[in-house]
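Q: predicted model and sequence follow; I will ask about them next.
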Amino acid sequence: MLSQNIFLGIINKSVPAKIIHEDDYCIAFHDITPQAPVHVLIIPRKVIRTHQDLNAEDTFLLGHRSEEHTSELQSH
């Protein structure tokens, strides 16, 4: 298991980030080195080490918020 990384730090609020959305399943924040005028990362709160570690319950996380909040994220 990952003991700590930058994404866990952002989720745990020990690493500062410009958070634009968070809920029980995910957190969205601006990238610190953006590659586009608006570069937002959306990550699940659940730690999933590799793609092979995904299970049937995790498929919900893959699409969570990406469709529902597209316009919200575009405004940032």
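A: Ah, there it is. Residues are numbered from 1 along each chain as shown.
Q: count the residues that sit near the closest residue to residue 46 other than its chain neighbours.
A: In this structure, residue 46 finds its nearest non-sequential neighbour in residue 61, 6.4 Å apart by Cβ to Cβ, 6 or more residues apart in numbering. Placement of C-beta: from N, CA and C, glycine included. Neighbourhood size, residue 61 [other Cβ atoms under 10 Å]: 17.
Q: buried sites along whichever helix or strand residue 61 is part of?
A: In this structure, residue 61 is located in helix 59-63 according to DSSP states H and E. Along helix 59-63, these residues count as buried under the neighbour rule (16 or more other Cβ atoms under 10 Å): residue 61.
Q: quick check: mean pLDDT of that helix?
A: Averaged over helix 59-63, pLDDT sits at 79.
Q: now residue 27: how far from residue 8?
A: Between residue 27 and residue 8 the distance is 11 Å, computed by Cβ to Cβ, to the nearest Å.
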